[in-house]
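**Q** From the sequence below, what's the structure:
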Amino acid sequence: EALPLPGSLSIRHLELGRFALRDWQAPAASDDPRPRFEFSDLSLRASSDGRRHHVEALSVQLPFGAATLEALFDGGQSPFPLSAHGTLTGEHEARDFAIRFEATGDLHELALQVDAEGAGLQGEAEAVTAPFEVIPLRSLRVSVGEIDPSVFHEAAPRAALTASAELVPESTERWVLSGPIRIVNRLPETIDREGLPFSSIDARVRWSAEATRIDELAVRFAGEGSLDGQLEWWPDPVGESFGRLAALLDLAGLDPRTIDSRLPSTTVSGRIEATGDELRQDGRVELTVDEARIVAEGSPAQLIARYS
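**A** I've put the predicted structure just below:
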């Protein structure tokens, strides 16, 4: 198999001022007048000897930023080696961003490296893809940070978060991704001081369109104290409600003052089991608070509690 051109080609300089794709029929006065897709200020230099196709320089203004690309493709024989690199720069919600990418491999397996920065944070992603498979992703690694949520919304808590995830598909026929995730908070602080009280969160995630499951959840708080367990969420298939959530959580040696400094200092351990959706919630809580034992079960409307 081959993907050659019938002859050689050289484009020394090509410019296009503006391109807009619109509906074939004239829209009604109430319809959105914007085109379905558009770009402007395209500049291209390219060449091909019939087998090796080289985009030497491409620049274009897209609705979401300015893009550049250089690519080399060998169409002489399968699996068709390919390499490319480019950039995308622009502004979103008054914040500048810059994205750089590099692709190496072939049309059977392509490795992508993406680096992004903007709004005072940085991130990177590495993916191995299989462009023509039913599930075109073979692995994904993402890392982002540091992130201060309060930079993006004045009501959000202050923190210094870094996050990472390594996901792989479990199936070649349907989208199911799984793997470890980790979030580190360099500056943990109590809620009443507008912070986030945890120092780290580790877990294994399994995502599909039908459900998201979090196993081996391990939350560590400033000082001592931990929360471990598992969560599972089933979204509403029609998107009209939150869906259904189930939790099994174990607390160990947690001082409530590490969550909110207005709370009394004590030591809390125990287990929390809960399930629910928007209409009904049920649960069972078994806690030891210093020397006291508390057991509560039922729903918010009908809760039975015992103390000893």
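
**Q** quick one, what contacts the closest residue in space to Gly118 that isn't next to it in sequence?
**A** Among residues not flanking Gly118 along the chain, Phe97 sits closest, at 3.1 Å (CB to CB, 6 or more residues apart in numbering). Heads up, the C-betas are built off the backbone N, CA and C, glycines and all. By CB atoms under 8 Å, 6 or more residues apart in numbering, the contact set of Phe97 is Gly65, Thr89, Gly90, Glu91, Ala116, Glu117, Gly118, Ala119.

**Q** just checking, the fourth one is part of a helix?
**A** Same thing as Glu91. No: assessed with DSSP: H, G, I helix; E, B strand; the rest coil, Glu91 is strand; it does not lie in a helix.

**Q** Identify, from the contacts of Phe97, the entry nearest to Leu254.
**A** Distance to Leu254, by CB to CB, is smallest for Ala119 among those, at 33.4 Å.

**Q** on that earlier part again, run through the bridge partners of the residue nearest to Gly118.
**A** Beta-bridge pairing of Phe97 under DSSP bridges involves Gly90, Gly118.

**Q** Then Leu9?
**A** Assessed by DSSP bridges, Leu9 has beta-bridge partners Ser48.

**Q** Spit out the contact partners of it.
**A** Neighbouring residues of Leu9 by CB under 8 Å, 6+ apart: Ala46, Ser47, Ser48, Gly50.

**Q** List of residues touching stretch 64-83?
**A** The contact list for stretch 64-83 (CB under 8 Å, 6+ apart) reads 1-5, 51-61, 84-92, 97, 103-110.

**Q** residues of that stretch that come out buried?
**A** Neighbour-count burial for stretch 64-83, counted by 16 or more other CB atoms under 10 Å, picks out Gly65, Ala67, Leu69, Ala71, Phe73, Asp74, Gly75, Phe80, Pro81, Leu82.

**Q** sorry, back to before: could the contacts of Phe97 be laid out in a markdown table, adding pLDDT and distance to Thr258?
**A** Converted to a markdown table, those look like this (pLDDT from 0 to 100; distance: CB to CB, whole Å):
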| residue | pLDDT | distance to Thr258 |
| --- | --- | --- |
| Gly65 | 93 | 42 |
| Thr89 | 95 | 42 |
| Gly90 | 92 | 41 |
| Glu91 | 88 | 39 |
| Ala116 | 95 | 34 |
| Glu117 | 92 | 33 |
| Gly118 | 85 | 33 |
| Ala119 | 69 | 29 |
